[in-house]
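Participant: give me a 3D structure for the following:
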Amino acid sequence: MMTQKIGSIALFLTGLFTTISASPVRGDDLPGQLWVYIGSYTGENSTGVYVSRLDLKTGALAPAEAAAITKNPSFLAIHPNQKFLYSISEVSDTDGKPTGGVSAYALDRKTGKLTLLNQQSSGGAGPCHINIDKTGKTALVANYSGGSVAALPIAADGSLKPAASIVQHAGSSINPDRQKEPHAHSINVDSQSKFVFAADLGIDKVLVYRLDAAKALLTPNDPPSVGVTPGAGPRHFTLLPGERFAYVINEIGNTITAFRYDSQKGTLTTIQEISTIPEGYKETTHTAEVVAHPSGKFVYGSNRGHDSIAIFAVDAATGQLTAKGHHSTGGQTPRNFAIDPSGTFLLAENQGSNSIVVLRIDPKTGALSETGHKLEVGSPVCVRMVPVAK
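Facilitator: Alright, predicted model coming up:
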């Protein structure tokens, strides 16, 4: 059974993080431009969070520059008021034990500058995903190695308080190499900040929690979870606009599971499972990200190995998906990808080839096409966007 721990977590040493003090990108604040913040795995090619600008007329990306120096800020989240950015980091505490960190930054929409506010523990080892609830009061974190999820209160100034809720997952599944224990791989929240969804690769479940955003408290829903095909390995999750349907992408099984969603009860009912790879493909490949188009007409998933974006049309009445083909990401190991708010461009991050490729979306068919725009950046893992302020 799951156990819930309520309490604070030790504050992280501020010396583990550094913020670039100068504005990373400058230029005229033109209409139709977005700041693009890029999370990465740090090492030889990367030092932390990067920032670029996307031109919504052409799809061009400005050269990426460092915005914050920090270790392995693989996933990012933007506060609903667009004044703050949050990142997770995998760091070590003073005893050398693996643990996780969460950082809060002030975000200047005129300059793109990030200013470090503070850091807190993620409440478990190996954090891999972060989201902010729609009220802006709670940061939600999934800890992959630790198999837990946590909720951290957000102060009025955007800084993070110690975790108020930590829920430890329990169990296993059928894959002895990947599923001996829980591995919380993502955490998402509905538009009403009532329910939270945690896809756990290790136990083949999407766990559902009720959220008290004002207190940053998580409690298991009734029922507390929905299962997927044993061995599938649920990784990331998305709600379709309108929130009648939801989708989880399964890393090990290379599939997407579709659900009917009851927004009043927080329940998920399985309606379909569909492959993300072409029929007959036999090489090693694993899925990564699933994203719904802002129109609600299409769902996209990334394949690492096949190195493609799988394209699906959504049946508006049933929520079922129909495969519409694949498009190369123009690089290796596509992890997270993002669609700009207008639904015009898809930004595919190729971790293995240190690039972000911009693809244009056909609004009628969902098909992807080349724009010719490519950004070189070290080990990109996550993209988040916010409008450039005038």
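Participant: could you check how far the residue nearest the centre of the chain is from V381?
Facilitator: In the chain, the centroid-proximal residue (Cα atoms, centre = their mean) is H129; its distance is 5.5 Å. Applying Cβ to Cβ, to the nearest Å, the value for H129 to V381 is 11 Å. (Glycine included, C-beta is placed from N, CA and C.)
Participant: tell me, what's touching the two both at once?
Facilitator: Counting by Cβ atoms under 8 Å, 6 or more residues apart in numbering, the contacts common to H129 and V381 are F75.
Participant: buried set for stretch 224-235?
Facilitator: 225-226, 228-229, 232-235 (16 or more other Cβ atoms under 10 Å).
Participant: same check on stretch 230-249?
Facilitator: Applying 16+ other Cβ under 10 Å to stretch 230-249 flags 232-240, 244-249 as buried.
Participant: what about this protein, any weak spots by pLDDT?
Facilitator: Scanning the chain for pLDDT under 70 picks out 1-31, 91-98.
Participant: rerun that using 80 as the cut-off
Facilitator: 1-31, 90-99 (pLDDT under 80).
Participant: which residues in the stretch 151-300 of the chain form strands?
Facilitator: 165-168, 184-189, 195-200, 205-212, 217-227, 234-239, 245-250, 255-262, 267-275, 286-292, 298-304 (DSSP state E, counting those that start in this stretch).
Participant: as a markdown table, the ones you listed with distance to K137 would be great.
Facilitator: Listed next are the strands of the stretch 151-300 of the chain as a markdown table, based on distance: least, Cβ to Cβ, whole Å:
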| stretch | distance to K137 |
| --- | --- |
| strand 165-168 | 13 |
| strand 184-189 | 11 |
| strand 195-200 | 13 |
| strand 205-212 | 10 |
| strand 217-227 | 11 |
| strand 234-239 | 20 |
| strand 245-250 | 23 |
| strand 255-262 | 23 |
| strand 267-275 | 24 |
| strand 286-292 | 24 |
| strand 298-304 | 29 |
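Participant: select, out of these, the one closest to G32.
Facilitator: strand 286-292 (21.2 Å; Cβ to Cβ).
Participant: adjacent strands (with direction) for the closest one?
Facilitator: strand 298-304 (antiparallel) (DSSP bridges).
Participant: what's the angle from the strand it pairs with to strand 255-262?
Facilitator: When axes from the mean of the first three to the mean of the last three Cα atoms, to 10 degrees is applied, the directions of strand 298-304 and strand 255-262 differ by 150 degrees.
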